[in-house]
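**Student:** sequence plus the predicted model coming up.
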Amino acid sequence: MPSSPDIRTVGRFILSSTTRRTDCGRYAASLSIRSGRGEGTHDRVYRFIPLFPSSEAAAQYALDQGLGYLHQPALPA
């Protein structure tokens, strides 16, 4: 079962990381990067390959990846 999302707002973007426990007992991370409002909302969802020993480590990894993506100089529209 996925964890409750860890949410962070960065400018016009909302980052939401979630984790889930895998069959092997480790944790997988995913991240949603959302922008816009109403019918103009855009949401990108990323799932990451590494597995982590804790839910907290997985969530932090996802947020770090999202922050890195948002700080790229040529961020796609």
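**Tutor:** Thanks, I have it.
**Student:** pick out the residue nearest the middle of the protein.
**Tutor:** residue 31 (1.8 Å; CA atoms, centre = their mean).
**Student:** for residue 38, see how far away it is.
**Tutor:** Distance of residue 31 to residue 38, given as CB to CB, to the nearest Å: 22 Å. In short, each C-beta sits where N, CA and C put it, glycine included.
**Student:** same thing with residue 59?
**Tutor:** 28 Å.
**Student:** same check, this time on residue 11
**Tutor:** Separation of residue 11 from residue 38 (CB to CB) stands at 18 Å.
**Student:** same question, residue 8
**Tutor:** Taking CB to CB, one finds residue 8 at 22 Å from residue 38.
**Student:** what's the answer for residue 67, then?
**Tutor:** Relative to residue 38, and taking CB to CB, residue 67 is found at 26 Å.
**Student:** now for the closest residue to residue 43 other than its chain neighbours, how many residues are close by?
**Tutor:** Nearest in space to residue 43, with sequence neighbours left out and distances taken as CB to CB, 6 or more residues apart in numbering, is residue 34 at 4.6 Å. Neighbour count of residue 34, defined by other CB atoms under 10 Å: 17.
**Student:** pLDDT weak spots in this structure?
**Tutor:** Along the chain, the model assigns pLDDT under 70 to residues 1-4, 75-77.
**Student:** where exactly do the helices run in it?
**Tutor:** For the chain, applying DSSP state H gives helices covering 55-70.
**Student:** that older thread, so residue 8 and residue 38 - more neighbours on which side?
**Tutor:** When neighbours are counted by other CB under 10 Å, residue 8 comes out ahead of the other of residue 8 and residue 38, with 13 against 5.
**Student:** ok, what's across the strand from the closest residue to that one other than its chain neighbours?
**Tutor:** Sequence neighbours aside, residue 15 is the residue nearest to residue 8 in space, at 4.8 Å (criterion: CB to CB, 6+ apart). On the basis of DSSP bridges, residue 15 is bridged to residue 8, residue 33.
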